[in-house]
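In: Prediction below, plus the sequence it came from.
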Amino acid sequence: MRNILIGCVLFASAGMIPPMQASAQDLELEIGRDGLRIERDCNPRYEDCYRGERRREFYDDRPRCSEGRALRKAERMGIRRARIADVGRRTIDVRGRDRYGDRIHVTFGRQPSCPVLS
């Protein structure tokens, strides 16, 4: 198995396979005891690492819940003077007051429907 993998790597490096669209900084190839390992130097938090590939469920093309949509949903729920308290990668926190003047804290998910988490 190891010889097959080494042969494939040598064949690819000889130029028989069309070049991939990754530069040397984006792709890391290691051959070790465990076999062939390929790693991408990409941080999905800041970059679109899956462009051109099958995207994972988190990186789909549907619109995500934005701050404005969360505020509008909070106002429809009856929260007065709603404001954004915190925005995270997966949640949006909204604070405001109810009709009696008590403080309310609502957490919305970033899914397309802005689900109420707490």
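Out: Okay, I see it.

In: which residues in the protein form helices?
Out: Using DSSP state H, the helices of the chain run over 2-13, 67-76.

In: residues in contact with the shortest one?
Out: Helix 67-76 has contacts (C-beta atoms under 8 Å, 6 or more residues apart in numbering) with 82, 83, 84, 87, 92, 94, 96, 106, 108, 114. Bear in mind the C-beta positions are built from the backbone N, C-alpha and C, glycine included.

In: Just the mean pLDDT for it, thanks.
Out: For helix 67-76, mean pLDDT rounds to 93.

In: Just the CA coordinates for that helix, please, in CSV.
Out: In CSV, the C-alpha atoms belonging to helix 67-76 read as follows (Å, rounded to 0.1, in the frame of the first residue of the first chain):
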residue,chain,number,x,y,z
GLU,A,67,-28.5,41.3,13.2
GLY,A,68,-31.4,43.1,11.6
ARG,A,69,-33.5,40.0,11.2
ALA,A,70,-32.9,39.1,14.8
LEU,A,71,-33.9,42.6,16.0
ARG,A,72,-37.1,42.5,13.9
LYS,A,73,-38.0,39.1,15.2
ALA,A,74,-37.4,40.3,18.8
GLU,A,75,-39.7,43.3,18.2
ARG,A,76,-42.4,41.0,16.8
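
In: residues of that helix that come out buried?
Out: For helix 67-76, a neighbour-count test (16 or more other C-beta atoms under 10 Å) marks 69, 70, 71, 73, 74 as buried.

In: what would the helices of the chain look like in CSV with distance to residue 34?
Out: Formatted as CSV, those follow (distance: least, C-beta to C-beta, whole Å):
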stretch, distance to residue 34
helix 2-13, 10
helix 67-76, 44
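
In: among the ones you listed, which is nearest residue 32?
Out: helix 2-13 (10.1 Å; C-beta to C-beta).

In: Domain-wise, how is this protein divided?
Out: 2-59, 67-109 (automatic domain parsing).

In: how long is the shortest one from one end to the other?
Out: One end of domain 67-109 to the other measures 11 Å (C-alpha to C-alpha, to the nearest Å).

In: from now on call the first residue 728
Out: Yep, numbering from 728; the last one is domain 794-836 now.

In: All the strands of the protein, residue numbers only.
Out: 754-759, 762-767, 807-814, 818-824, 830-836 (DSSP state E).
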